[in-house]
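J.: Fold the following.
(2 chains)
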Amino acid sequence: MSLFTRLAALKRNLFRRKQTEADLDAELRSYTDLLTDENRARGLAPDEARRKAQIDSGGLEQVKEAVRESRPTAFLDSLSQDLRYALRLFRKSPAFTAAAILTLALGMGANAAVFSLVDSVFFRALPFADINRLVHVWAINSDGDVHTPSPSQYESVRDSQSFEQVAGMGWAEFFYGVNDSVTQTLAGQLVTSNWLSTLGVQPAIGRDFLPQDQFPGHDAVVMLSYRCWRTRFQSDAHIAGRQIVLSRRLVTVIGVLPPSLEPYYDGSEIFAPLVLKSYATNGPLRDGSIRVQIVARLKPEVSLAQARAETELIAEHLRSANLLDPRSGRLVVDDFSEAFRNPGPTMQNARRGLAMMAVAAGLVLLIACANVASLLLARGIKRQKEIAVRAAIGCSRARLVRQLLCENTLLFLAGGVLGLIFARWSEDLLDAAMSGIVSNTTYLHIDLRTALASLAICLFSALLFGTIPASQATRVAPNNTLKESTSSVTSGPRQQRSRNLLIAFQMALGMVLLVTFGLLFRSFRHVESASLGYDPRNVLTVATRIPSSRYASGTDRAQLLQAALDRLRLMPAVDSVGIADSLPMSGADGAHFRIDSVLPQVSPVEDKISFLSVSDGYFSALRVPMLAGRAFRQSDRDLAAPVAIVNQTFAKQYFHGASPVGSFVAFAGTPASKREIVGVVSDFRQRNPEEDLRPLIYFPISQTLPPGWSAAIRVRAPGDLATTAQSIPDWLRPIDPSLDWEIGTMDRQVHDSESLTLRRPIITLFAGFGGLALILAIVGIFGVTSYFVAERTREIGIRVSLGAARGEIARLVLHQASKVALAGIAIGSFVAVVLTRFLPDGSIGWSGSGIFLYGVSRLDAFTYILSAALLLLASLLASWLPARRATKLDPMVALRHE
Amino acid sequence: MPSDQTNLLLGTLDMLILKSLALTELHGLGISRRISQITKGTFDVKPGSLFPALHRMEEQGWLAASWGESENNRRAKYYKLTAAGRRQLNSETKRWSRISLAIARALESN
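T.: Numbering: from 1, shown residues only, chains lettered A, B, ... in the order given. As a prediction, this is how the structure comes out:
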């Protein structure tokens, strides 16, 4: 059968149905007429002739049905019939339809949002063109560790023959003024103009950098990250060409990066051109020196091995020029996607948190589906008469099931679409709530992939949860049902069991959600109140970045540092001031150190240890006690006597109880940099409130003079915080009016620490999910218990008339509800015990995690009991109203109840 | 009605309909009667089987239908073979004789 004929047939059947049907009808009637004529010709009387003809023809309707079914479009025909019927039914019972669709929409919307995050973190292919041709280039230094290359190493690689494009990336911080007095620090990256084209990515809005943008004087252009554009600039459609002030400089925004690039650049919001010359002298220090990340694209004809060979030659040249360590320095060319395959601990923890959110959202969806299935079961019972009639006139069971399944699928799809619309509308809200889970490295974006995946989940749920009600509703014995003179709702024990099963299922899932929430919440509270080792109360923070153009020499920087310290100490209401290059909760740099001790029992050792620089008075400002030796003094600024302080964990780990005072530490590979340990300070947390304590080395900031530092200012009384904060800019302005100061509080630093920032969205979402589960469970139990009462109306009437007290009746109802609830809670507890094994506990390490249990065991009895009690209370609450209605039944009415 | 009502396979019904329309065009009842005639009463096709087959074959392009008048001036829908239908009849006939020959041989052999 040709395509044309098929299409013509399709057209005929779909669009000219009425005509086709009329035609068929006429044809069959003509058949009967002709048969009648035949019979009359054979000599039968007219009536007899027609009667015999009709018998011989068989039922006209059956023949028509047979013809319809034999048509190729029969399936579409009946499907469209089913759909129209379903829509009519929904219109007739708006309350049910609305309840079902809304419930599903909530579940589907949550899942769509979570899926978009999961997709961008786990599934989505990276947005780079031809990623196999992209490489990273790293340098190996004297310590044998892989490092980001230096600017001169970058320049050498840039000129190599193997790469068609070599892009460099540096780091920068920008001060962005929200209004006159408030400035915020924005993380940013400085990139060469070919950065995006090397990656093979187009800007989402506006234009890419041009080569001329890299020259000083022409570099007043920036690109924004997608997140920055959405959150700080409110998705301004006219952002391209707009001028903003960054770090006291007027720059033009030329474009916005696509959201697919977000995971790659780790939270940077501003992208500006890399002016290599000034960066090489003034750039921020990473791992102790200025660094430029190299990403390059291989020429089409060059293989990775060839590129590596050429880079070996470049490394040789660098070694002889002493731009690379002569002994062990090397250049490493690595496959680009290598970096993504082995994410660091922070990313790993974030991923685990996200996976948990996905599971939780899935549980909520299951609860919503079970709820709707319950509604559908109830509705199926109401429609028994209608279905019985249809079965009686010859509708096959399969056809009936198909019709009901069609209705149910339509409901689920409607819920899914509505859920997607909800999620799309509230993208910003959801992003604020949820993407903190992966620490701002993705932007929540409902796109086509998410929509398609959500609809697929929708259909799957529809099949899973719509089939049972459909098959149950059609399991009727038409004879019995039609003979029933009652109009009451009756259901056999099978339906009751199904309903109870669904309720128990919802209760079990609710239990899992509540227990997980409880464990995570308690962990969160414990982390919030963890002992930090220092006192953050009543402490202001003031951060600045020193422009190296005006503070090139060490003397200038030292002067600025001292001036700031002195002036801050002079402020009224200030108790003490200290300065560090990295305040608590900001982490610390790490490097390889060599420890040399005069003590015979301590052998020299080399290890990677974290370090930071602090001023005199820093420890006392934070109320951290010294345990041995002395703190830094003002006189520790002379580099002729370089000193260091270590913390207690350092002393315990490397000196095993002996005092480290008098021993030496040096950067491994530069023994000339050795410093004498003059004191031991008590441990305090440097990155996260609940981090494992680690060894730390402190240098005097007056000797290291970093280009950026923060002051910790302790005020005398809590009331002084606000007033002091306001007057700080005025106090510091005389030192240098052109400097920007970012002011905050130490409490805020703790609040914004990595760990708490990761935990907050997770417990917020779990609270939301848990609450949703409770509400759905209450609604579900209310419905099922109402049904129970309605069905037992006559029985209740009998009991009352035989003398049962009201209390007994109420107890009967409540007992029924709580029986099912308890069963569900028990199952849920068991499942919770199994699933919470995925919540890691034990040693956290140094990276923040949203899901690590802290201070609470997985089998915390309090959490389990409280969750169970909450669910039980919910079920009692839900069944209270039906129970009351049961007790108010007038036995006379009840007995007559049909 | 003949006493042994044999079950018609779908394919054979199609072939019989095509054959019955080989010479002239007929309406539904006429086709049924003709089939009964040419099979010497073996097959009595009821409307429940006939009309689905007729409509299916019409959609497949083997038959063309049009409304006309019967002998007694009744309106009836007449079917006739199309060119494609004629080709189908030829190939079906050849296929059927091949099959029946093979089966006959099989049954004869010891």
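J.: for chain B, which spans come out with low pLDDT?
T.: In the predicted model, chain B carries pLDDT under 70 at residues B:1-10, B:110.
J.: ok, which stretches of it are strands?
T.: For chain B, the strands defined by DSSP state E cover B:26-27, B:63-69, B:75-81.
J.: Which one of those lies nearest to residue A:829?
T.: Closest of the strands of chain B to residue A:829 is strand B:63-69, at 69.2 Å (criterion: CB to CB). All C-beta atoms are positioned from the backbone trio N, CA, C, and that covers glycine.
J.: related to what we said a few turns ago, among the strands of chain B, show me which one is buried the most.
T.: Across these, averaging neighbours per residue (mean count of other CB atoms under 10 Å in any protein chain shown) puts strand B:26-27 on top, at a mean of 22.
J.: Would you reformat the strands of chain B as TSV and include distance to chain A?
T.: Listed next are the strands of chain B as TSV, based on distance: least, CB to the nearest CB, whole Å:
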stretch	distance to chain A
strand B:26-27	7
strand B:63-69	8
strand B:75-81	5
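J.: ok, now which ones touch residue B:29?
T.: The contact partners of residue B:29, by CB atoms under 8 Å, 6 or more residues apart in numbering or on different chains, come to A:31, A:34-35, A:38, B:76.
J.: Nearest residue to residue A:278 in space, please, no chain neighbours.
T.: Distances taken as CB to CB, 6 or more residues apart in numbering or on different chains place residue A:216 nearest to residue A:278, at 6.6 Å, with adjacent residues excluded.
J.: Could I get the buried residue list for the strand or helix carrying residue A:422?
T.: Here residue A:422 is covered by helix A:397-425, with elements defined by DSSP states H and E. The neighbour-count check on helix A:397-425 (16 or more other CB atoms under 10 Å in any protein chain shown) flags A:400-420, A:422-424 as buried.
J.: State the next helix or strand along the chain beyond that helix.
T.: Downstream of helix A:397-425, the first helix or strand assigned by DSSP H and E is helix A:427-434.
J.: other SSEs contacting that next one?
T.: Contact here means 3 or more CB pairs under 8 Å, 6 or more residues apart in numbering or on different chains; DSSP states H and E; on that basis helix A:427-434 packs against helix A:94-118, helix A:226-232, helix A:754-791.
J.: same for the next helix or strand after the shortest one, what does it pack against?
T.: Beyond helix A:226-232 in the direction of the C-terminus, DSSP H and E gives the next helix or strand as strand A:243-246. Counting contacts by 3+ CB pairs under 8 Å, 6+ apart, strand A:243-246 packs against strand A:163-177, strand A:249-256.
J.: Give the buried residues for the last one.
T.: Residues of strand A:249-256 classed as buried under the neighbour-count rule (16+ other CB under 10 Å) are A:251, A:253-256.
J.: got it, and the first one?
T.: Within strand A:163-177, the residues that qualify as buried by neighbour count (16+ other CB under 10 Å) are A:163, A:165-176.
J.: can you check stretch A:49-61 too?
T.: A:49-50, A:52-53, A:56-58, A:60.
J.: what's in contact with that stretch?
T.: A:25, A:28-29, A:31-33, A:35-40, A:44, A:63, B:46-48.
J.: make it 7 Å
T.: For stretch A:49-61, contacts defined as CB atoms under 7 Å, 6 or more residues apart in numbering or on different chains pick out A:28, A:31-32, A:35-36, A:39-40, A:44, B:46-48.
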